[in-house]
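Colleague: would you be able to build a 3D model of this:
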Amino acid sequence: MRIWSVLLVACLTLACNDESLLEPQEPPTLVVVQANTSNLFNPRDVTILAGGQVRWNFQSTPHTVIFQKVANVPPDIIEESSNKTENRTFAVPGTYLYECGIHEGMEGSVIVVAPSGE
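Modeller: Below you'll find the model as predicted:
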């Protein structure tokens, strides 16, 4: 039991001294959202870097992606899509809300952030 306590303290000491663990991580430049057969977007809310993309994977149930109309929003995915993928690029930081035009309550958001240091 004592050896496990010593090992645990040693690991925690090393982890606490690793400055890279304290640095904020940049959001990804590509996030995949599943539009599933349960009529949910998964994940519902995503965060990406400006200039990044969201890829919607449409499973066997048809869905659309209709964005709330704000400046710099990418084009809607209005064709009822199933068994395919669609990408959209988000160039400008902001929050972009969207919903499926077929299934009430199926909604999500894309939060776009500027790279750190900008």
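Colleague: show me the strands in this protein, by range?
Modeller: Assignment of strands within the chain using DSSP state E yields the ranges 30-35, 41-42, 45-49, 52-58, 63-67, 77-81, 84-90, 94-99, 107-113.
Colleague: residue 26 reaches residue 48, doesn't it?
Modeller: No: the pair formed by residue 26 and residue 48 falls short of the contact definition of Cβ atoms under 8 Å, at 9.8 Å. For glycine as for every other residue, the C-beta is placed from the backbone atoms N, C-alpha and C.
Colleague: of these two, which one has the most company?
Modeller: Between residue 26 and residue 48, counted using other Cβ atoms under 10 Å, residue 48 has the larger neighbour count: 21 against 13.
Colleague: pretty sure that one sits against residue 114.
Modeller: No: assessed by Cβ under 8 Å, residue 48 is found out of contact with residue 114, at 11.1 Å.
Colleague: nearest the geometric middle of the protein, what residue?
Modeller: Geometric centre of the chain, nearest residue: residue 46, 2.6 Å, by Cα atoms, centre = their mean.
Colleague: return the distance of that one relative to residue 80.
Modeller: To residue 80, residue 46 is 22 Å away according to Cβ to Cβ, to the nearest Å.
Colleague: likewise residue 36?
Modeller: Taking Cβ to Cβ as the measure, residue 36 falls 15 Å from residue 80.
Colleague: next, count neighbours for residue 84.
Modeller: What residue 84 shows, counting by other Cβ under 10 Å, is a neighbour count of 10.
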